[in-house]
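Engineer: pasting a predicted model and its sequence here:
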Amino acid sequence: MPSDLADSGPPVKGHRAGRSPWWAAGLVLCLVAAGVGYWLLSRPETAVLPRPGSSVEAASREDSAAALLRRLSTALQAGSRADAVALAAPGDRQAARELRELSANARSLRIADLSMRYVDDEAGRAVDGVAPRLADRAWVGEVQVDWRLRGFDTGLSSMEVSMTFLQTDDGAAFVTARRDDGEATPLWLLDRLAVERSRRSLVMVAGDTDADRFAGLADQAVVDVRKVLPRWRGPLVVEVPTSQTELSRALGAEDHTYDAIAAVTTPADGSPAADSPIHIFVNPPVFEPLGDQGAQIVMSHEAAHVATDAAFSSMPTWLLEGFADYVALAHVDLPVEVTASQIIEQVRTEGVPSTLPGPVEFETENSALGASYESAWLACRLLAERYGEDRLIAFYEQADRDGGTSAAFTDVLGTTEVAFTTAWRNYLRDLAG
């Protein structure tokens, strides 16, 4: 989902992988604008920027915003907190506070290769958070932000975000980067973060949530995945917003998209580019009620997606999600009556499904979503029991390369999907008694 939306989320710039809650008793499962704005910094002290309404207003706004963004990116990446706060709109305490938090986030996350480039005015956007007497000198602009988390991201993330600026006699000043226009905005721009890092993981947690808990879950998830996929070394990056609303903002998704999803794995910037950093995003209202074991299973499931680049895969969803659950549950000491309780009950009341679960069964609106995950897990569990774990992994890898399972069934397992589906249906029937 951002590969699972059910992990297969809505179409938000690329494929997403995720995990819904699935157990009943608490186990629910740059700115470097080349030369733009240079004259503003080197102008004589007597120079005055044009007032709004002049014939060069648009150009002066663009130039002054570019100069501000250049200074802001430098302050966040290599400057002090005071350097960042000095860029706030005069007298705007909220802007100053936001810049203090951004400076702390950038330092804690060790943001590298940061650039902010002014793209354009957002004509017609209402200006919020500015005193009425200053509203005619404020505007909303579109800014491209590029960044990388040093030591964890190998590629750059890139997003266009909205920022509000104020024109002053000394140039543009910063008002906010947190206005909600329904566009994706990186979590480190949205909120104050607590950051925990280790050799295995980097966890960023917004607000007052316990960062230590998530750091422990992330580190253990790497250990769990390596038990099945020993060649994978990690690391993981986990982002934990304060709410589902903030999650939607970080992913640029519509409200309620992730109502049934505990966590999703997706490119940090929503890009389909192969080198986009892949992060795990937690959905607090669904994740927080999980017990320790349930939370660990969800995190390890998502880590399996990261380890296998599932966010970019076009293989059938049953295999994508079922394999992630197989990895997460491979070394968990729980009876199948617990880990597959929903699909067992469904088989007892409605009979055995006729086909392996497809995209419809993994839609987040599906009331039987938990049963779909469990049935996919049992398919992978059956493959491992019949052919061995190594061949299950080989089957998964070929299906990933092919974008389908037809050849993988024949070449790796020496069978067909039709024959396997029959065996899986019998497997479900036997488990249901």
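Structural biologist: Now that the structure is in, tell me what you want to look at.

Engineer: and the strands in the stretch 151-300 of the chain?
Structural biologist: For the stretch 151-300 of the chain, the strands defined by DSSP state E, counting those that start in this stretch cover 157-168, 171-176, 193-197, 201-206, 236-240, 263-267, 278-282.

Engineer: then stretch 324-338 to PDB, C-alphas only?
Structural biologist: Written as PDB, here are the backbone C-alpha positions of stretch 324-338 (Å, rounded to 0.1, in the frame of the first residue of the first chain):
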ATOM      1  CA  ALA A 324       4.900  -9.900   3.600                       C
ATOM      2  CA  ASP A 325       2.700 -11.600   6.200                       C
ATOM      3  CA  TYR A 326       4.600 -14.800   5.700                       C
ATOM      4  CA  VAL A 327       7.900 -13.000   6.500                       C
ATOM      5  CA  ALA A 328       6.300 -11.200   9.500                       C
ATOM      6  CA  LEU A 329       4.800 -14.400  10.900                       C
ATOM      7  CA  ALA A 330       7.500 -16.900  10.000                       C
ATOM      8  CA  HIS A 331       9.000 -16.900  13.500                       C
ATOM      9  CA  VAL A 332       5.900 -15.900  15.600                       C
ATOM     10  CA  ASP A 333       4.700 -18.600  18.000                       C
ATOM     11  CA  LEU A 334       0.900 -18.200  17.500                       C
ATOM     12  CA  PRO A 335      -1.600 -20.900  16.500                       C
ATOM     13  CA  VAL A 336      -3.100 -20.600  13.000                       C
ATOM     14  CA  GLU A 337      -6.600 -20.400  14.700                       C
ATOM     15  CA  VAL A 338      -5.500 -17.000  15.900                       C
END
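
Engineer: report the buried residues of that stretch.
Structural biologist: Of all the residues in stretch 324-338, those buried under the rule 16 or more other CB atoms under 10 Å are A324, D325, Y326, V327, A328, L329, A330. C-betas here are computed from N, CA, C, even on glycine.

Engineer: with stretch 191-210 instead?
Structural biologist: Residues 191-197, 200-206, 209 are the ones in stretch 191-210 that count as buried (16+ other CB under 10 Å).

Engineer: can you tell me who the residue most central in space within the chain pairs with across the strands?
Structural biologist: When the chain is reduced to its mean C-alpha position, the closest residue under CA atoms, centre = their mean turns out to be F281, at 4.3 Å. On the basis of DSSP bridges, F281 is bridged to E239, V264.

Engineer: what's the answer for M159, then?
Structural biologist: Note on M159: beta-bridge partners by DSSP bridges are V145.

Engineer: that one: how many residues sit nearby?
Structural biologist: Neighbourhood size, M159 [other CB atoms under 10 Å]: 21.

Engineer: before we move on, what about F323?
Structural biologist: F323 has 29 neighbours, counted by other CB under 10 Å.

Engineer: any idea how far T245 is from it?
Structural biologist: When distance is defined by CB to CB, to the nearest Å, F323 is 31 Å away from T245.

Engineer: can you check P186 too?
Structural biologist: For P186, the distance to T245 equals 16 Å [CB to CB].

Engineer: of the two, give the one with the bigger neighbour count.
Structural biologist: When P186 and T245 are compared for neighbours, P186 comes out ahead with 22 against 14, by other CB under 10 Å.

Engineer: tell me if I'm right that the more buried one and A268 touch.
Structural biologist: Yes. Look at P186 against A268 with CB atoms under 8 Å: they come within range, at 7.2 Å.

Engineer: name the helices or strands packed onto the helix or strand hosting L114?
Structural biologist: Using DSSP states H and E, L114 maps to strand 111-121. Counting contacts by 3 or more CB pairs under 8 Å, 6 or more residues apart in numbering; DSSP states H and E, strand 111-121 is packed against helix 57-78, strand 138-149.

Engineer: got the contact list for the residue nearest to the centre of the chain?
Structural biologist: P2, V238, E239, V240, P241, L247, A250, L251, A263, V264, T265, T266 (CB atoms under 8 Å, 6 or more residues apart in numbering).

Engineer: list just the nearest of those residues to G294.
Structural biologist: A263 (11.5 Å; CB to CB).

Engineer: any idea how far the closest one lies from L413?
Structural biologist: For A263, the distance to L413 - CB to CB - is 31 Å.

Engineer: with L334 instead?
Structural biologist: Distance from L334 to L413, by CB to CB: 27 Å.

Engineer: one more: Q346?
Structural biologist: To L413, Q346 is 26 Å away according to CB to CB.

Engineer: now do S108
Structural biologist: Taking CB to CB as the measure, S108 falls 47 Å from L413.

Engineer: out of these two, which sits in the busier spot?
Structural biologist: Taking neighbours as other CB under 10 Å, S108 and L413 compare with L413 leading, 20 against 16.

Engineer: phi and psi next, for that one.
Structural biologist: Main-chain dihedrals, L413, degrees, to the nearest 10: phi -110, psi -20.

Engineer: would you confirm that it contacts Y396?
Structural biologist: No. The criterion here is CB under 8 Å, and L413 misses it with Y396 at 11.3 Å.

Engineer: what comes up buried for stretch 71-79?
Structural biologist: Neighbour count says stretch 71-79 has R71, L72, S73, T74, A75, L76, Q77, G79 buried, by 16+ other CB under 10 Å.

Engineer: just flag the most distant two among those.
Structural biologist: Maximum pairwise distance among those (CB to CB): 11.1 Å, between R71 and Q77.

Engineer: dump the residue contacts of the closest residue to A95 other than its chain neighbours.
Structural biologist: Distance criterion CB to CB, 6 or more residues apart in numbering; nearest residue to A95, sequence neighbours excluded, is A88 at 3.9 Å. Contact partners of A88, counting by CB under 8 Å, 6+ apart, are A95, A96, E98, L99, A173, F174, V175.

Engineer: pick out the most distant pair among those residues.
Structural biologist: E98 and A173 (12.3 Å).

Engineer: and the contacts of the helix or strand I344 falls within?
Structural biologist: In the assignment (DSSP H and E), I344 maps to helix 341-350. Helix 341-350 is contacted from outside by 22-24, 337, 353, 368, 370-372, 374-375, 378, 428-429, 431-433, using CB under 8 Å, 6+ apart.

Engineer: just the buried residues of those residues.
Structural biologist: Buried positions within the contacts of helix 341-350, assessed by neighbour count (16+ other CB under 10 Å), are W22, W23, P353, A368, G370, A371, S372, E374, S375, L378, L428, A432.

Engineer: mind listing what the fourth one touches?
Structural biologist: What it means is A368. By CB under 8 Å, 6+ apart, the contact set of A368 is Q342, Q346, E361.

Engineer: can you rerun that using 10 Å?
Structural biologist: Applying CB atoms under 10 Å, 6 or more residues apart in numbering to A368 gives the contacts Q342, I343, E345, Q346, E350, P353, P357, E361, E374, S375.
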